[in-house]
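Visitor: with the sequence up front, the predicted model follows.
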Amino acid sequence: MLRGADGRGRGVSPTPARRVRAAIVACLLKEPTVLLADEPTGNLDEDTRDEIIGLLEKLWQDSGVTLVLVTHDSSIARRAQRLGTLKNGKLTVKQAV
């Protein structure tokens with residue numbers, strides 16, 4: 001539980017963006033070679049979404065971790081190196097253009 005300004009527990013909840021960042025950090029502590037992200041920006045505003053995706057892209061570029069990201073957001077999907085589409089139980093993978 002987080003503490004309020006007066007030091008008493010008030011059940012202050014972190015923002016959705018802070019929860020996503022904390023989850024990413026927690027995963028990275030184990031130094032994974034593959035990071036699975038299921039809708040990591042689903043409940044974030046556009047600016048925060050772009051910040052989180054930028055963080056994941058930088059992580060991928062700097063550390064070489066394989067990032068598998070599931071999203072329904074086409075603006076995020078367009079940024080991928082490869083795009084997998086699941087339709088009627090069939091997975092199709094294409095190189096990005």
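Guide: That came through fine. What you see is a predicted model, and the numbers here were worked out from it, not measured in a lab. Numbering: from 1, shown residues only.

Visitor: mind checking the SS state of the residue nearest the centre of the chain?
Guide: Residue closest to the average C-alpha location in the chain (Cα atoms, centre = their mean): residue 40, at 3.6 Å. Using DSSP: H, G, I helix; E, B strand; the rest coil, the structure places residue 40 in coil.

Visitor: the residue nearest to it when sequence neighbours are not counted - how many residues pack around it?
Guide: Among residues not flanking residue 40 along the chain, residue 20 sits closest, at 5.6 Å (Cβ to Cβ, 6 or more residues apart in numbering). Every residue, glycine included, has its C-beta placed from N, CA and C. Per other Cβ atoms under 10 Å, the neighbour tally for residue 20 reads 23.

Visitor: residue 39 is in contact with residue 20, correct?
Guide: No. The pair residue 20 / residue 39 is not scored as a contact, 10.1 Å apart, by Cβ atoms under 8 Å.

Visitor: roughly how far apart are the residue nearest to the centre of the chain and residue 92?
Guide: Computed as Cβ to Cβ, to the nearest Å, the residue 40 to residue 92 distance reads 22 Å.

Visitor: how about the contacts made by the closest residue to residue 95 other than its chain neighbours?
Guide: Distances taken as Cβ to Cβ, 6+ apart place residue 82 nearest to residue 95, at 5.8 Å, with adjacent residues excluded. By Cβ atoms under 8 Å, 6 or more residues apart in numbering, the contact list for residue 82 reads 93-96.

Visitor: okay, those residues in JSON lines with neighbour count and secondary structure next?
Guide: Shown next, in JSON lines, are the contacts of residue 82 (neighbours: other Cβ atoms under 10 Å; DSSP: H, G, I helix; E, B strand; the rest coil):
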{"residue": "93", "neighbour count": "8", "secondary structure": "strand"}
{"residue": "94", "neighbour count": "10", "secondary structure": "strand"}
{"residue": "95", "neighbour count": "8", "secondary structure": "strand"}
{"residue": "96", "neighbour count": "10", "secondary structure": "coil"}
